[in-house]
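> no letters, just coordinates:
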C-alpha cells in the first residue's frame, strides 16, 4: 500500500489518564495512554478513516502540556535560546581578546594564563 502525501496534524492534550489527539484535516480524534504511541495511533486512525497508509513519522504532533507545565516549558525554551545567543557572543569576544593579545606580542602560553584557559584553548581562540 502506498503512503499518503497528505499532511496530518495531531493536536494533543491530556484528559485524565489519556492523551487525546484531534486530527486535522480529517476532523477525527483518537486517544492512547502513552504519548510515545500517539504517532502510530494517529496513523492507524487515518488509515481507518481514509483507507490510505500514512507514515507515522510524517505526522506533526503538537502536544499541549497540562496545567502550568506548558508555560514553564515555553519559558525554559526561551531562556535556552537567550543563553545560546549570549554564549555565542561571549565566544566571539573571547576570540577578539585572544587575537588582541597575540597582536600585542604575547605568547600563546601567556595568553592562556591571562585569559584563564589552557594554552591549547588560547591557540584555538587565536586561530578561530
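All right, it came through fine. Owing to the predicted nature of the structure, the values given are computational and were not obtained by experimental measurement.
> list the buried ones in stretch 82-102?
94, 98, 101-102 (16 or more other Cβ atoms under 10 Å). Every C-beta, even on glycine, is put in place using the N, C-alpha and C of the backbone.
> now, these that are in helices?
Members of these lying in helices (criterion: DSSP state H): 94, 98, 101-102.
> now, which of the residues you listed sits nearest residue 33?
residue 94 (48.9 Å; Cβ to Cβ).
> residues touching that closest one, list them.
Residue 94 is in contact with 115, 125, counting by Cβ atoms under 8 Å, 6 or more residues apart in numbering.
> repeat that for 7 Å
residue 125 (Cβ atoms under 7 Å, 6 or more residues apart in numbering).
> pull the most distant pair out of the ones in helices among the buried residues of stretch 82-102.
Maximum distance among those (Cβ to Cβ): 12.6 Å, for 94 and 102.
> Three-state assignment for residue 10, please.
Of the three states, residue 10 takes strand according to DSSP: H, G, I helix; E, B strand; the rest coil.
> and stretch 57-74, end to end?
24 Å (Cα to Cα, to the nearest Å).
> may I see the buried residues of that stretch?
Neighbour-count burial for stretch 57-74 [16+ other Cβ under 10 Å]: 59, 61, 63.
> let me know the average pLDDT across that stretch.
Mean pLDDT, stretch 57-74: 95.
> okay, and the residue nearest to the spatial centre of the chain sits in which element?
In the chain, the C-alpha nearest the mean C-alpha coordinate belongs to residue 77, at 8.4 Å (Cα atoms, centre = their mean). Taking DSSP states H and E as the definition, residue 77 sits inside helix 69-103.
> report the distance from that helix to the chain centre.
17 Å (Cα atoms, centre = their mean, to the nearest Å).
> so which elements touch the helix or strand just after it?
With elements assigned by DSSP H and E, the helix or strand that comes after helix 69-103 is helix 108-115. Under the contact definition 3 or more Cβ pairs under 7 Å, 6 or more residues apart in numbering; DSSP states H and E, helix 108-115 sits against helix 69-103, helix 119-127.
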